[in-house]
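Asks: Coordinates only, no sequence provided:
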Ligand SMILES: [Mg+2]
């Protein structure tokens, strides 16, 4: 089903180039945190992520962290990276995506959702009308419910 299919697939977020984002028509980048920018729950960005963000910002893109995780997890991480953020965004519901697009004045079609999970990032991004970039999870999940979702994802990926 197409609402479960990403528009683009990459191994890691740092493999996505400015040209890839431009070709997709994206200006606002809504970035998942856990297993996309860092290991699940980790305050340490994955290798190359701070440099990738600097490059992307220099190219004029607007990156924002949109996470379903808590304020305690997301605020210090986002502040360290110098990024605006939405925590407890309830993906795949559109409220976090909507908040960010309205705040920065972009339309859904000028937006790329980048993340590692089909039932939150891909489904949410597709329902919102954004371009979706699916990455491979950086590491194993620690959360029980995410582990179960992963089992269902195997049938769709
Ligand atoms: Mg994730």
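Replies: That came in fine, so what should we check first? All values reported here derive from a predicted model rather than from experimental measurement. Residues are numbered from 1 along each chain as shown.

Asks: hey, let's count contacts and neighbours off CA atoms from now on
Replies: Fine.

Asks: Tell me where the protein has strands.
Replies: For the chain, the strands defined by DSSP state E occupy 8-10, 28-31, 62-66, 85-86, 111-115, 131-135.

Asks: The last one and the ion in contact?
Replies: What it means is strand 131-135. No - between strand 131-135 and the ion, judged by CA under 5 Å from the ion, nothing touches; the nearest distance is 9.1 Å.

Asks: Pull up the pairing partners for that strand, direction included.
Replies: The strands that strand 131-135 pairs with in its sheet are strand 8-10 (parallel), strand 111-115 (parallel) (by DSSP bridges).

Asks: List of residues touching that strand?
Replies: With contact meaning CA atoms under 8 Å, 6 or more residues apart in numbering, strand 131-135 is reached by 6-13, 24, 26, 36, 109-118, 121-122, 125-126.

Asks: Quick check, the residue in the chain closest to the ion?
Replies: The chain approaches the ion most closely through residue 34 (4.1 Å), counting by CA to the ion.

Asks: which non-adjacent residue is nearest that residue?
Replies: Excluding the flanking residues, the one nearest residue 34 by CA to CA, 6 or more residues apart in numbering is residue 40, at 4.3 Å.
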